[in-house]
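**Q** quick check, what structure comes out for this input:
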Amino acid sequence: MRRLLLVRHALAAGAGPFGTDKDRPLSVDGQAQALRLGEYLGDAGYNIDCARISDARRTRETCALIFESNLRTPEDLAYESGLYNASAGDLFETVRTLPDSAKTALVIAHNPGLGDLLKLLAGSGDHMDIMSGFSCGTLCVLESRELSGWRELEPGMMCLKYAFHT
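**A** Numbers count the residues shown, from 1 in each chain. Model (predicted):
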């Protein structure tokens with residue numbers, strides 16, 4: 001089985017003296033959201049094999065706080081500039097290039113691309129109501145028993161198993 005964890009970054013600070021949008025940090029509430037995501041993932045026993053993270057400050061901070069809990073940081077963790085405001089198609093290609101050794105993968109990115117990716121991948125599931133919005137600090141867990149490798153992934157091949165909003 002393959003499991004894909006999609007996380008929209010936690011709540012960022014509003015516009016301010018941070019420079020560009022890419023430089024915005026997490027707000028205090030966003031920091032708490034990211035810690036709760038990490039606690040949830042750790043308590044649920046997820047063993048993340050690889051992670052692909054947008055290189056924006058708020059996604060990097062979300063990632064750091066998620067792994068600050070009792071969750072093991074994967075050796076294969078990469079911050080990618082191409083994931084900043086990426087389209088669903090670009091995110092889809094990122095997932096399709098994940099190593100076959102990764103049974104559970106984490107992607108932390110931005111909307112609208114992340115929400116569109118969720119719609120593209122999730123052919124079914126109990127939490128399809130999340131499709132109407134993918135707010136900050138939300139985790140969606142998708143699974144597929146059909147995939148022997150990520151390169152085989154096609155639209156609609158995954159099932160949305162769980163959605164967790166902090």
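
**Q** got phi/psi on Leu4?
**A** When read as degrees, to the nearest 10, the backbone of Leu4 gives phi -120, psi 120.

**Q** any idea how far it is from Asp21?
**A** Per C-beta to C-beta, to the nearest Å, Leu4 is found 26 Å from Asp21. For every residue, glycine as well, the C-beta is placed using N, CA and C.

**Q** show me which of the two is the more surrounded one.
**A** Per other C-beta atoms under 10 Å, whichever of Leu4 and Asp21 has more neighbours is Leu4, with 24 against 14.

**Q** quick one: least confident helix or strand in the protein?
**A** strand 122-125 (a mean of 74; mean pLDDT, DSSP states H and E).

**Q** which other helices and strands contact the helix or strand following that one?
**A** Downstream of strand 122-125, the next assigned helix or strand under DSSP states H and E is strand 138-144. Here strand 138-144 touches strand 2-8, helix 28-43, helix 113-121, strand 122-125, strand 158-165, going by 3 or more C-beta pairs under 8 Å, 6 or more residues apart in numbering; DSSP states H and E.

**Q** can you do 10 Å?
**A** Packing partners of strand 138-144 (3 or more C-beta pairs under 10 Å, 6 or more residues apart in numbering; DSSP states H and E): strand 2-8, helix 28-43, strand 104-109, helix 113-121, strand 122-125, strand 158-165.

**Q** what strands line up against it, and which way round?
**A** Counting by DSSP bridges, the strands paired with strand 138-144 are strand 2-8 (antiparallel), strand 158-165 (antiparallel).

**Q** CA atoms of it as CSV?
**A** Only the C-alpha atoms of strand 138-144 are listed here, as CSV (Å, rounded to 0.1, in the frame of the first residue of the first chain):
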residue,chain,number,x,y,z
THR,A,138,-5.2,20.7,7.2
LEU,A,139,-3.9,17.1,6.7
CYS,A,140,-5.4,14.7,4.1
VAL,A,141,-4.4,11.1,4.1
LEU,A,142,-4.7,9.3,0.8
GLU,A,143,-4.1,5.6,0.2
SER,A,144,-3.8,3.2,-2.7
